[in-house]
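# Give the three-dimensional model of this entry:
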Amino acid sequence: MNVKAFIASGIIEKYCMGNCSMQEREQVHAMAASHPEIRVEIDQLSQSFEQYALANQVKPSRSVKMALMQTIYQQQASTDGSYAPLLSATNSDSIKHLQEWITAHPQNPPAETYDNQFMIASASTDLVTNFFVYVKKGHEAEMHDHFIEYLYILEGSCIMNFDGQEKPFHAGELISIQPLCTHTATVTSNHPMLAFVQRQAFA
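Predicted coordinates for the structure are as follows:
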């Protein structure tokens, strides 16, 4: 087959889209090695396909990104017990799994002195951050714009203020803080509040 006929056959388009058979791939490689114009045609078509794909790309929804992030983290946690289970405000089983995990990873009160907060890092990824925190007083108003924050209270109690609405929380309860929600916390127990905190990246 001559060069013009080979180019006109459509096999190079199939090759650039990854749709050709192994035999056809070998044929394209052989022709490209013998004919520079075939190599040029492959490069031009590949660039055209890439430009078209970039110009017509579909941005995945936030829900798709979150689902992908959760799947990746859950796979990590299933193979490495040092990672806490993924928390969810709508899945009561996630609390049960967290309680089991915490039983296997008990925390001792900090030996060193601290004024208000004392954090203990736990196994985390780029998308999910885990840590324990002891809190004596609380924290001033803050707002997160790139992650959902969950706090599971292990000891003590607090009052959370969400955009001006107050709500009390006690040991055994899960606090869910959505992005862009201004919130404060005030510890109400006579001893420091201990909580497990998980921050999940918000796509």
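# Skipping its backbone neighbours, what lies nearest Phe94 in space?
No Phe there; residue 94 is Ser. Among residues not flanking Ser94 along the chain, Ser88 sits closest, at 4.6 Å (CB to CB, 6 or more residues apart in numbering). Every residue, glycine included, has its C-beta placed from N, CA and C.
# Mind giving me the packing neighbours of the helix or strand bottoming out on mean pLDDT in the chain?
In the chain, no helix or strand scores lower on mean pLDDT, DSSP states H and E than helix 62-79, which sits at a mean of 79. The contact analysis (3 or more CB pairs under 8 Å, 6 or more residues apart in numbering; DSSP states H and E) places helix 62-79 against strand 193-201.
# now for the helix or strand hosting Asp93, which elements pack on it?
In this structure, Asp93 is located in helix 92-104 according to DSSP states H and E. Identification of packing neighbours for helix 92-104 by 3+ CB pairs under 8 Å, 6+ apart yields strand 147-155.
# for the longest helix that the chain contains, which positions count as buried?
Ranked by number of residues, the top helix in the chain under DSSP state H is helix 36-55. Neighbour-count burial for helix 36-55 flags 38, 41-42, 45 (criterion: 16 or more other CB atoms under 10 Å).
# Then stretch 8-18?
11-13, 15-16.
# any low-confidence regions in this structure?
1, 58-60, 62-63, 203 (pLDDT under 70).
# switch the cut-off to 80
Along the chain, the parts satisfying pLDDT under 80 run over 1, 56-67, 69-70, 202-203.
# got the domain boundaries for it?
Structurally, the chain divides into domains by automatic domain parsing as follows: 3-55, 84-201.
# Including distance to Ser61, could those domains go into TSV?
Shown next, in TSV, are the domains of the chain (distance: least, CB to CB, whole Å):
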stretch	distance to Ser61
domain 3-55	19
domain 84-201	15
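# now, of these, which is deepest in the fold?
domain 84-201 (a mean of 15; mean count of other CB atoms under 10 Å).
# what about that domain, distance to the chain center?
Distance of domain 84-201 from the chain centroid (CA atoms, centre = their mean, to the nearest Å) equals 18 Å.
# same check, this time on stretch 23-39
42 Å.
# Convert the C-alpha atoms of that stretch to PDB, please.
Coordinates of each C-alpha in stretch 23-39 appear next as PDB, following Å, rounded to 0.1, in the frame of the first residue of the first chain:
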ATOM      1  CA  GLN A  23      -1.900  -6.100  13.900                       C
ATOM      2  CA  GLU A  24      -3.000  -2.600  12.700                       C
ATOM      3  CA  ARG A  25      -0.800  -1.000  15.300                       C
ATOM      4  CA  GLU A  26       2.200  -2.900  14.100                       C
ATOM      5  CA  GLN A  27       1.400  -1.900  10.500                       C
ATOM      6  CA  VAL A  28       1.200   1.800  11.500                       C
ATOM      7  CA  HIS A  29       4.500   1.600  13.400                       C
ATOM      8  CA  ALA A  30       6.100  -0.100  10.400                       C
ATOM      9  CA  MET A  31       4.800   2.500   7.900                       C
ATOM     10  CA  ALA A  32       5.800   5.400  10.300                       C
ATOM     11  CA  ALA A  33       9.300   4.000  10.500                       C
ATOM     12  CA  SER A  34       9.700   3.900   6.800                       C
ATOM     13  CA  HIS A  35       7.800   7.000   5.800                       C
ATOM     14  CA  PRO A  36       8.300  10.400   7.600                       C
ATOM     15  CA  GLU A  37       5.000  11.700   6.100                       C
ATOM     16  CA  ILE A  38       3.200   9.000   8.000                       C
ATOM     17  CA  ARG A  39       4.800  10.100  11.300                       C
END
